[in-house]
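Student: Pasting the sequence and the predicted model now:
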Amino acid sequence: MSNIRIVLVETAGARNLGSVARVMKNFGLKELWLVNPICDRFSDEAQHMAVHAPEILENARIVDTLPAALVGCHRAIATAGRIDKGEMKVTNPPQGLSWLMQAETSAIVFGAEDRGLSNAEIQHCQQVMRIPVNPEYPSLNLAQAVGICCYQLQLMQEGIRENSQCHENLTSQIAQDLIQSAPIDLAIRADLEACYQQLEAVLLKIGYVYPHTAVHRLRKFRHIFDRANLSPSEVAMLRGILRQVNWATAHLD
């Protein structure tokens, strides 16, 4: 599972951070990205909770923004406990992580302990995942949430490994889903983000959206294109069209 990174946004608790490192090593995940962390990964608390996984903390990548943490990723899924109703699909760990594993490089994004992920942060991911819990007490500890996701990934990895040895005898729909889970050619998030910014500029220029409506309208476009699983060449084609539209509008009589 070296192709999956764990991304933590503004983690405040050093003990939580150390516990995340420990559970990542338990399930074989190594890539930890920290977005503007509030706590010190080298503190005694973090190192104590990491136990035998200090290298996870030492090798963690520190970045200032969520888009920077998703550079090189083809798919990203946001985790959320409380989700505003909207157009973005909300899935569960088995479905969401199965979708995530089909990409060459992907990320699971976890929000700050006190607030989770903002709507703006969630927009940088293609899907939102919610862990089913008791509605009377739905709040999960950060390390618990990471551990549940890591465990689910491990189950899927073992299932793929076992079924790959006897795939000729598998005829069920589950088997077909496993066989089809090989990495596919997907555009990376950075290229998609650049395309979305270019699209917003063009739509503002031609008057299709206005500054006060741009965020809502662009959210719908994001959902459309994210569902399409665009390849690098398709994103390049779209950006070429947008450049041509921009040029044409600048040369109108």
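Tutor: Here it is on my side, so go on. This one's a predicted model, so the numbers in the text were calculated from it and none came from an experiment. Numbering: from 1, shown residues only.

Student: in this protein, which spans are helices?
Tutor: For the chain, applying DSSP state H gives helices covering 14-26, 44-50, 54-58, 66-69, 93-101, 119-122, 142-164, 173-179, 189-206, 214-227, 232-250.

Student: which one of the ones you listed is the most hemmed in?
Tutor: Compared across these, helix 14-26 shows the largest average neighbour count, a mean of 23 (mean count of other C-beta atoms under 10 Å). C-beta: built from backbone N, CA, C; applies to glycine.

Student: Out of the helices of the chain, the one nearest Ala112 is which?
Tutor: Ala112 sits nearest to helix 142-164 of all the helices of the chain, at 8.5 Å, using C-beta to C-beta.

Student: circling back: for Val35, find the nearest of the helices of the chain.
Tutor: helix 66-69 (5.2 Å).

Student: Contacts for the closest one, please.
Tutor: The contact list for helix 66-69 (C-beta atoms under 8 Å, 6 or more residues apart in numbering) reads 5, 7, 9, 33-35, 61, 63, 107, 109, 121, 124, 189-190, 193.

Student: any idea how far the residue nearest to Lys205 when sequence neighbours are not counted is from Leu218?
Tutor: Nearest residue to Lys205, sequence neighbours excluded (C-beta to C-beta, 6 or more residues apart in numbering): Thr249, at 6.0 Å. Here Thr249 is placed at a distance of 18 Å from Leu218 (C-beta to C-beta, to the nearest Å).

Student: follow-up on the earlier one: looking at the helices of the chain, which one has the lowest mean pLDDT?
Tutor: Ranked by mean pLDDT, these bottom out at helix 173-179, with a mean of 53.

Student: tell me which of the contacts of helix 66-69 is nearest to Arg15?
Tutor: Once C-beta to C-beta is applied, the member of the contacts of helix 66-69 that ends up nearest Arg15 is Leu34, at 14.9 Å.

Student: Which residues lie in contact with the closest one in this structure?
Tutor: Per C-beta under 8 Å, 6+ apart, neighbours of Leu34: 7-8, 11, 17, 41, 60-63, 69.

Student: give me every residue that touches the residue positioned nearest the centre of the chain.
Tutor: In the chain, the residue lying closest to the centroid (C-alpha atoms, centre = their mean) is Ala76, at 2.0 Å. Counting by C-beta under 8 Å, 6+ apart, Ala76 touches 7, 70, 106-109, 124-126, 189.
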